[in-house]
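>>> No letters, just coordinates:
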């Protein structure tokens, strides 16, 4: 597995580096820092002076960036694998996406929030764009990942489940995990204009079908070397996942980027969007 670790000097980006301890050794790890050098803010400034100012600022930022990369490499887990550093000029999100393609990354790892001018309460804008547009899975780290033993795997469809099994078959984690395969039936109120008994009967059939579905997915995951069990619940998918995670406290949420309707690469499923913005733990989004 080829991994791209994007760092910006924030606490969460350092935690993203430490989180690599729980992943399988990389075939190659690229540690990336993007330099977004600000242009001079005074349009009436003499061009020569503006260029000199820009060059001075860029030089200082490059020196800081090199130190950041060196510090990040110094805290990497010893088993990470062959590692290289890249210091690239450009806007962070675009640079991360471009380098991920260039390095043929199988996984992007980054912090949930960075050092932008506004410290977002939820998910940082750079991270949101990377998760939305990346060609490969993305691990978003929002807190120290001191252990990785339990995983919550929400699945919404057969396509979702197939993508999850395909990702797990690549053996991305260092050790065997205990996984809960969760599916949510969005029954807040009766969905059909019929009598209560008929509605309840249909709901029970749907629940039974959902149980069979998650049990089958869990069985497939168990064949990959993990402990897995199925679970079902009712409610709005995004909020139900957050509620389940809040109660069971998994070390990681592993989920797909698209919902039941599917979506283009540049969209994010509503459940994935809700979870990424409200998650109590790191989230790995697969495609």
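Everything's here; your move. A quick note: this is a predicted structure, and the numbers were derived from the prediction, not measured. Numbers count the residues shown, from 1 in each chain.

>>> tell me the pLDDT at residue 40?
What the model reports as pLDDT for residue 40 is 68.

>>> Next, count neighbours for the closest residue to residue 81 other than its chain neighbours.
Nearest residue to residue 81 in three dimensions, chain neighbours excluded: residue 26, at 3.9 Å (C-beta to C-beta, 6 or more residues apart in numbering). (C-beta placed from N, C-alpha, C; glycine too.) Using other C-beta atoms under 10 Å, the number of residues around residue 26 comes to 23.

>>> can you start the count at 45 instead of 1 from here on
Sounds good: first residue 45 from here, last item residue 70.

>>> Is residue 70 in a helix, a strand, or coil?
Secondary structure, DSSP: H, G, I helix; E, B strand; the rest coil: residue 70 is coil.

>>> Surely it touches residue 126?
Yes: the criterion here is C-beta atoms under 8 Å, and residue 70 meets it with residue 126 at 7.4 Å.

>>> Check the gap between residue 196 and residue 289 for me.
6 Å (C-beta to C-beta, to the nearest Å).

>>> Find residues that contact each of those two.
Shared contacts of residue 196 and residue 289, defined by C-beta atoms under 8 Å, 6 or more residues apart in numbering, are found at residue 297.

>>> how close does the residue nearest to residue 125 get to residue 170?
In terms of C-beta to C-beta, residue 70 sits 22 Å off from residue 170.

>>> swap in residue 275?
Distance from residue 275 to residue 170, by C-beta to C-beta: 33 Å.

>>> higher neighbour count, these two?
residue 170 (25 against 19).

>>> Can you tell me the SS state at the more buried one?
Three-state assignment for residue 170 (three-state DSSP): helix.

>>> Return the distance of it relative to residue 57.
For residue 170, the distance to residue 57 (C-beta to C-beta) stands at 11 Å.

>>> same question, residue 221
According to C-beta to C-beta, residue 221 stands 24 Å off from residue 57.

>>> Rounded mean pLDDT for stretch 246-257, please.
90.

>>> cool, and stretch 190-208?
Across stretch 190-208, the per-residue pLDDT values average to 96.

>>> How far does it stretch from one end to the other?
In stretch 190-208, first residue to last residue: 23 Å (C-alpha to C-alpha, to the nearest Å).

>>> Stretch 323-331 too?
Distance between the two ends of stretch 323-331: 19 Å, counting by C-alpha to C-alpha.

>>> Equivalent analysis for stretch 181-197, please.
End-to-end distance of stretch 181-197 (C-alpha to C-alpha): 14 Å.
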